[in-house]
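*Asks:* Quick one: sequence plus predicted model below, questions after.
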Amino acid sequence: MTITTPGHEPADAAELAIASAGLTKRFRGGQLAVDHIDLAVPKGSVYGFLGPNGSGKTTTIRMLLGLAYPTSGTAELLGVSMPNGAVSVLSRVGSLVEGPAFYPYLSGWDNLARYDAADRSAPPKSAAARIGAALDRVGLTAAAKKKYRNYSLGMKQRLAIASGLLRPRDLIILDEPTNGLDPQGTREVRTLVRQIAADGITVFVSSHLLAEVEQVCTHVGVMRTGRLVFQGPLTELRRTGAARITVRTPDVAVAADVFDKLGLREPDKTEDTITAELGDAAPEHVNAELVHAGVAVRGLAVESPSLEDLFVGLTGEGFDVEH
Amino acid sequence: MSSIELMVTTAEEPAGAGETASFVRANLRFIRNELRLLFFRRRNQLLLTAVGLFPLLIGIGLKVSAPDNGGGGGGGGPGSSAAFFNQLAGNGVFLTFIALTLLLLLVLPVSMAVISGDSVAGEAGYGTLRYLLAVPAGRTRLLVVKYLAIVAFACAATFLVSVVALLVGVVLFPVGPVTLLSGTTVSLSAGLVRVLLVTLYLCAAMSAVGAIGLAISTFTEHAIGAIAAIAILVVASEVVDQIPQFASVQPYLPTHWWNSFDSLLRTPVDTTTLEHGLLSFAVYIVLFFLIAWARFTSADVTS
């Protein structure tokens, strides 16, 4: 069940920062890591790529970046086909893949200089200024000359984000940017993501924790065992969660008749409560009907499932046990 | 904002000749950075220091034992190098040939194994490989830069041995016109030219080892495994080269032509042997670079 954003349904390539069609990766062992996924990441969005560990997020990102080759299907970054267009388009894409990786015997500054030197389109003259600015942006200016091996986990993560900001980018891909960070570090990363997005850069951020990205995302894609089970604006994901009405009353049987008359689905009775899907019915109308039928309403509540519940509902138990 | 900045950057670069110039500049910058990484790394500096100490130790050892040998008869050494030992007492220049011959057995090839085995596998092990490719460095371009750095190290290590040996030889032993293995005597400067040619020949030999190492390095993300594999390969080749029953395959062994540099120490110089050697090195370099390229440009980077 893939839900496409109405506004982006005709996969308008020009409007999409990332687009894939039937992207599939089967490992040599035969395991299907990514199974025909059709990503549509609108330009300017902050796209949360969610799913439990082992659901194929990192493999997808590796294919998007041209690090791994798809078994079948296509992927486009900023309208350029991957992996063939890697050299031309990747300089516009900043990325953090599966945790930071740097040379432990080099300083933070020298590490960034290393990656910058490898970029054939990076103007050498502005290298020092750009490295300085990137370090400054993630708050590592003071630690610039320190050896990477002496960095804390949070500093390593921030240095990785800095390397993604060495050049002006149109798209930033962050794979589990808060992995292993303390709450303080998580907040810092979230703030950084917000700032990056405020500059108009599309951010594609993967996470196994919904709560981590919920506050910053405009769109989400949810992975489950290699398949994309939901994709669309966050508001749409919220809507998919059916609200339920809960009535506390001693007259459960009568209430059930009223619910039935009103067409409320999936009623669930206990001794003194009854719940059902609210659907399109207005709660005040349900209340009026109950009272009219002589039901003693002691309490009435309408609850929408939390995003976390929806997320768990979509991803199930996750992990590879489902295979 | 970002895309505007990007457009400005692109617009600044003039087309045509300017583009070629910036292409060359960018590549030179990458190579410079790679060389810095290689030669400023403490481990590699220690490796070179160790390599450089060997000629010194060999020189001192031979000097100390020289009087007992009564003119250097019992210096001992593998194969053709015995001839150099006899010459050393008369001329310090020969210490370069002695040092090179002894270090060719293990020290130089193992140093090449360390550097070339680490080249791609080391990056994969650190995880920096995926970031270099995401930069994007370009797979072929990265491989070329890696190999150029390996060649630079091969030359650095070989020349280090020659230069240290020459200095030690000059200090510890008499120096003068060089009597070649064929009995002819040439002037000191002509002798030094031969030292240079021998060193260059061995740079090519070590570059061939480096190409094999680069190829092996693309197959693993465990540098130590690649290093061990290359070292074992070199030793195996040397062993097979010593067994007469394998005479038919010996010319194709990667180590077979290494000691042929002594052709340069005879008059007339046996150019056929040298050409065979250089051809062998060239074939190994091309073949194994292609293997490395085929593997590296088609494999998923999973580290």
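*Replies:* Sure thing, it's come through. Note that the structure is a prediction, hence the values are computed from the model and not measured.

*Asks:* Stretch A:108-120 vs chain B: in contact?
*Replies:* Yes - using C-beta under 8 Å from any C-beta of the partner chain, stretch A:108-120 reaches chain B at A:113-115, A:117-120. Bear in mind the C-beta positions are built from the backbone N, C-alpha and C, glycine included.

*Asks:* Kindly provide the distance from the closest residue to chain B within chain A to residue A:142.
*Replies:* Closest residue of chain A to chain B, C-beta to the nearest C-beta: residue A:101 (2.9 Å). Relative to residue A:142, residue A:101 is positioned 22 Å away (C-beta to C-beta, to the nearest Å).

*Asks:* And residue B:205, by the same measure?
*Replies:* 48 Å.

*Asks:* which one of these two has more residues nearby?
*Replies:* A count of neighbours by other C-beta atoms under 10 Å in any protein chain shown puts residue B:205 above the other of residue B:205 and residue A:142, at 28 against 10.

*Asks:* any chance of the residues of stretch A:108-120 next to chain B in JSON lines, plus neighbour count and pLDDT?
*Replies:* Output for the residues of stretch A:108-120 next to chain B, formatted as JSON lines (neighbours: other C-beta atoms under 10 Å in any protein chain shown; pLDDT from 0 to 100):
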{"residue": "A:113", "neighbour count": "20", "pLDDT": "94"}
{"residue": "A:114", "neighbour count": "22", "pLDDT": "94"}
{"residue": "A:115", "neighbour count": "22", "pLDDT": "93"}
{"residue": "A:117", "neighbour count": "24", "pLDDT": "92"}
{"residue": "A:118", "neighbour count": "25", "pLDDT": "91"}
{"residue": "A:119", "neighbour count": "22", "pLDDT": "90"}
{"residue": "A:120", "neighbour count": "19", "pLDDT": "86"}
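
*Asks:* wait, which of the residues you listed is closest to residue A:193?
*Replies:* residue A:115 (20.5 Å; C-beta to C-beta).

*Asks:* Let's see the pLDDT reported for residue A:200.
*Replies:* Model confidence at residue A:200, expressed as pLDDT, equals 88.

*Asks:* Which secondary structure element is home to it?
*Replies:* According to DSSP states H and E, residue A:200 maps onto no helix or strand at all.

*Asks:* number of nearby residues for residue 202?
*Replies:* You didn't pick a chain, so chain A it is. 25.

*Asks:* um, chain B though
*Replies:* 27.

*Asks:* who's in contact with it?
*Replies:* B:100, B:104, B:108, B:158, B:258, B:261 (C-beta atoms under 8 Å, 6 or more residues apart in numbering or on different chains).

*Asks:* Can you give me the distance of it to chain A?
*Replies:* 29 Å (C-beta to the nearest C-beta, to the nearest Å).

*Asks:* how far does the longest helix along chain A sit from the chain's center?
*Replies:* Counting residues, the longest helix in chain A under DSSP state H turns out to be helix A:183-198. How far helix A:183-198 lies from its chain's middle: 14 Å, per C-alpha atoms, centre = their mean, to the nearest Å.

*Asks:* before we move on, what about stretch B:207-217?
*Replies:* For stretch B:207-217 - counting by C-alpha atoms, centre = their mean - the centre lies 10 Å from the chain centre.
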